[in-house]
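Visitor: sequence unknown, structure follows:
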């Protein structure tokens, strides 16, 4: 009962606030429409906050579970959990521990390289991703090579970027990201015509992907389009 009363109080407060918002405020001057519109907004926000709180609780519980047993495998899983949750710097230490304990694991090296790259340590990332590629360059469906190309580009090692992308394109076929990254490195090497052709191809490849890949591919197509304009 108290929750229901609290909900109505919050909705009424939101109605009062929204009435002062330019343009849309007039809609909330209408009693029934304003009340139900505010109720929908409050419900949606409450639902979103509940999901965030639940995800946070699960993350904390899982992190605690993995931290209790410091085996290399658990450290690796903890590092992956932190990395995929956006805590890239915090992920580095457990992933380093995982690599030390299981040096032949391409997954831990790939994840460590990705964490280092996301943390701005491009040289260290390139070294770790190179070691991972030496174990299995096709790991993560070739994404390992794309991250290696990204790290090498940030280190301005553009000839090596082209070589890595050649491997990726040969094994998996070019995609919008690989074409864009190739174009950037070709431009840095002074090969502008080839670079522009690669940027043009990125847009072409983005149009051919499966529906579930379109959002990701369009990001690279837009980046390629903007690169052609500069």
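Guide: Yep, it's here. All figures in this text were calculated on a predicted structure; none of them were measured in a lab.
Visitor: any weak-confidence spans in this protein?
Guide: Counting by pLDDT under 70, the ranges of the chain that qualify are 1-4, 6-9, 11-12, 14-15, 18, 20, 23-28, 33-34, 49-69.
Visitor: make it 90
Guide: Scanning the chain with the threshold set as pLDDT under 90 gives 1-71, 209-214, 229-230.
Visitor: Return the set of buried residues in stretch 186-201.
Guide: Neighbour counts over stretch 186-201 (16 or more other CB atoms under 10 Å) mark 186, 187, 191, 195, 196, 197, 198, 199, 201 as buried. Placement of C-beta: from N, CA and C, glycine included.
Visitor: what's the closest of those to residue 175?
Guide: Residue 175 lies nearest to residue 201 out of the buried residues of stretch 186-201, by CB to CB, at 10.1 Å.
Visitor: what helix or strand is that closest one on?
Guide: Here residue 201 sits within helix 192-206, counting by DSSP states H and E.
Visitor: For that helix, which helices and strands make contact with it?
Guide: With contacts defined as 3 or more CB pairs under 8 Å, 6 or more residues apart in numbering; DSSP states H and E, helix 192-206 has these neighbours: helix 176-188, helix 214-229.
Visitor: Check these for me and report the most buried one.
Guide: helix 176-188 (a mean of 23; mean count of other CB atoms under 10 Å).
Visitor: got the angle between that helix and helix 214-229?
Guide: Here the directions of helix 176-188 and helix 214-229 differ by 20 degrees (axes from the mean of the first three to the mean of the last three CA atoms, to 10 degrees).
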